[in-house]
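Participant: sequence below, structure please.
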Amino acid sequence: MASTSNISCLQISMAAASTTPYMILHSATMILAIFVNIIVMITVCSSNRLRTTTHVLIVSSAVSDLAFSTQGLVLIAVVAYREHNRPCEDILQNSFKFLRNQSISASYLNIFLVSIERWLFIARPFIHERIISRKLIMWSLISVWGCSLILSFDAFISPSLQSRFEHTKLTIVYPCGHWALAIVICTVYTHVSIISRRQTRLININNPISQYHTRMAENQQVKITSLKAGFKSLRLLFAVFGAFFLLLTPGHCFNLYTMIFTGYPNKDFYNITKECVFVHCCCNFFVIYRYDARFRRVLITLTKKIGILRCCKTQVGNT
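Facilitator: Numbers count the residues shown, from 1 in each chain. Just a heads-up that it's a prediction; the model follows:
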């Protein structure tokens, strides 16, 4: 068992901090991820205008990214402290594995959940209006985090079983799960975009007829406004999915290649793929800020309020 523990400790060291430049880069990225995801959570929770289903799911995704970045940053600190091949406790290794697997599973399930919700909103609006409620979203999020906890308990099995199933997880389970989810989400968004464009085309065709009827013109304008809002949310979700696919796929492909063909990963490329995962934890904030006007307005207003309060406290202190 001692040899297994040492191997696990070396694997953690290579994954987190093979060289000082990568350690600094990973740490800076994860600190940024922690900062921006906290901003997302505070901004959404501070405004009633952002209490929508999509924003609630975005907060859940921010929580998973925050958890992943936090455990990664703590892992680098632990590895730096244990730099001279000191023995690693099994409970410490298992805790890091559990938190990592749990946050990754929750991130995948959150992306899948928000994709299905948007598909219902665009493709089946009447069903969406009838079944989507705060209670359903709450139970869905409980299910997401509950499933992520269940999927992560393998971190606490015996080291011999872990080493036996690690190869299968890296080469079969994780890549297959990633590609299956990517295909499903891509299919959903393709269907949604086709439906939205078809609806826009029909409204544009019928629009000249409705110009002679004030009531019909108002109804058409409402439909066009609703569709434009739908397209904006689609652009946001396409960007979120694009970042998810582009930044997480290289890691799975790298694991698959190294485990099948060489068995000894290239440290530089391994750390680059890890950096892509850490960047993914940051990018959702910038995507939301770019494509969600309501979120942007609330964040700017909140920032101004904080600045005004700080100025008032400074003036009171001076007097």
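Participant: packing partners for the helix or strand hosting residue 118?
Facilitator: Secondary structure from DSSP states H and E places residue 118 in helix 90-123. Helices and strands touching helix 90-123, by 3 or more C-beta pairs under 8 Å, 6 or more residues apart in numbering; DSSP states H and E, are helix 2-17, helix 53-81, helix 125-131, helix 134-152, helix 174-210, helix 214-257. C-beta coordinates here come from the backbone N, C-alpha and C atoms, glycine included.
Participant: mind listing residues that contact the third one?
Facilitator: Counting contacts by C-beta atoms under 8 Å, 6 or more residues apart in numbering, the residues outside helix 125-131 that touch it are 117, 120, 121.
Participant: what's the average pLDDT for it?
Facilitator: Across helix 125-131, the average pLDDT comes to 78.
Participant: one more: the fourth one?
Facilitator: With pLDDT averaged residue by residue, helix 134-152 scores 85.
Participant: and the angle for that helix with helix 90-123?
Facilitator: Interaxial angle of helix 134-152 relative to helix 90-123 (axes from the mean of the first three to the mean of the last three C-alpha atoms, to 10 degrees): 140 degrees.
Participant: in helix 134-152, what's buried?
Facilitator: 137, 140, 141, 144, 145, 148, 151, 152 (16 or more other C-beta atoms under 10 Å).
Participant: which residues are contacting that helix?
Facilitator: Taking C-beta under 8 Å, 6+ apart as the rule, helix 134-152 contacts 53, 56-57, 60, 64, 97-99, 101-103, 105-106, 109-110, 113.
Participant: kindly calculate the angle that it makes with helix 53-81.
Facilitator: Using the same axes, to 10 degrees, helix 134-152 lies at 30 degrees relative to helix 53-81.
Participant: before we move on, back to that, return the member of the contacts of helix 125-131 nearest to residue 274.
Facilitator: Within the contacts of helix 125-131, the smallest distance to residue 274 is 30.2 Å, found for residue 117 (C-beta to C-beta).
Participant: so what's that closest one up against?
Facilitator: 53, 54, 57, 128, 132.
Participant: residue 104 too?
Facilitator: 64, 68.
Participant: and for residue 48, the neighbour number?
Facilitator: Using other C-beta atoms under 10 Å, residue 48 has 6 neighbouring residues.
Participant: check the gap between it and residue 246 for me.
Facilitator: 34 Å (C-beta to C-beta, to the nearest Å).
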